[in-house]
Each structure stands twice: as C-alpha cells, then as structure tokens.
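**Student:** Just to be clear, the model below is a prediction. Sequence and coordinates:
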Amino acid sequence: MADIRVFPRGTVIFRQGDPGDCLYCIQSGRVGVFDDYGGPTEKKLADLVTGDLFGEMSLLDHAARSATVVTLEDETALQRISEDDFYAFFENSPETVFDLTKQMCHRLRMTTRSYADACHTVYETVEAEKAGQDKSDSLLDRIRELRLAYLASIK
C-alpha cells in the first residue's frame, strides 16, 4: 500500500483533463496546483505541503482532473493512493479519511467565500450603476481585497 515516489522540482504529477484513478499524500516537499498550466492564463490555485492530500475529486467521482499539479521542490515525496487503497483506509486508518474530509471542506469553504465575495462585488457595482453613482474606486478597492485574500490562500 505504501507506493511512495520521489520527484525532482518541476515534475508534472498529472495534468488538467487527465483521467484520475488515485489521490496523493505529500510525504515531504511541496506541490503547486495550477489552472491552465503553461498556458496564457495560467493561475496558481494552491500551494500544498507535507501532509496535504490532492487528487481526491477524480478518485471519488471518476471525472477528469480539474487542475495540473507540479512539484515545487526537489526531492518531493508523494504517496500514491489507489481506489483500493482508499477503501482500505476506511477500515484501517479512519483518521486519514477524516483528514481528507476536513481538507475538502476547507477548500470548499474558501471557494464558496471567494465566489460569494465576487458576486457581492458585481451586485454592488451593477446597483451603483443603476443609481448613477460612480463606484469605480470602491470596486477597485474590493478587487484588491479579493486579490490579497486569494494570494494569502495559496501560500
């Protein structure tokens, strides 16, 4: 069950759109999670460290990978956890399954909060335009706040 491999910096673990049949647990090192990796609109979505899990969505729903994951440090050690291994965790390591659930909840909360903030900003802007008010300064301030929150979330 301990399928641990060590990768150099810059190794693509999987690409956005790839089929997914496993998840990974970071044993040491760091990985980055990217949208449109290597493309003109590349965005770093997350920075994950020792103890973090990734790739769980594709393992659970058998959909394509939603992002590209790349090692950010030399000697990054990753444990590959297959679907069969994952089922064994339910019996042998319920704390690992609970940890995964907590990580997924945290990520969902952060995404929901960012989405709600963006929707609120758009709504306020539209309402201000309807009322003939110039809200460009406050909108710019709000966008800066959202940017800072995003940058803090990926560190």
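**Tutor:** That came through, no problem.

**Student:** Give me the distance from the helix or strand that contains V70 to the chain's centre.
**Tutor:** Per DSSP states H and E: V70 is located in strand 68-71. Relative to its chain's centre, strand 68-71 lies at 11 Å (C-alpha atoms, centre = their mean, to the nearest Å).

**Student:** beta partners for the most centrally placed residue in the chain?
**Tutor:** Ranked by distance to the mean C-alpha position of the chain (C-alpha atoms, centre = their mean), the top residue is A46 at 4.8 Å. According to DSSP bridges, V33 are recorded as the beta-bridge partners of A46.

**Student:** From the contact counts, what lies against the strand holding V70?
**Tutor:** Identification of packing neighbours for strand 68-71 by 3 or more C-beta pairs under 8 Å, 6 or more residues apart in numbering; DSSP states H and E yields strand 12-14, strand 30-35. For glycine as for every other residue, the C-beta is placed from the backbone atoms N, C-alpha and C.

**Student:** Count the neighbours of N92 for me.
**Tutor:** 12 (other C-beta atoms under 10 Å).

**Student:** ok, it to Y123 distance?
**Tutor:** 48 Å (C-beta to C-beta, to the nearest Å).

**Student:** Going by neighbour count, which residues in the longest helix along the chain are buried?
**Tutor:** With secondary structure taken from DSSP state H, the chain has its longest helix at helix 94-130. Under the neighbour-count criterion of 16 or more other C-beta atoms under 10 Å, helix 94-130 has 99-100, 103, 107, 121, 125 buried.

**Student:** Before I go, just wanted to say thanks for your time.
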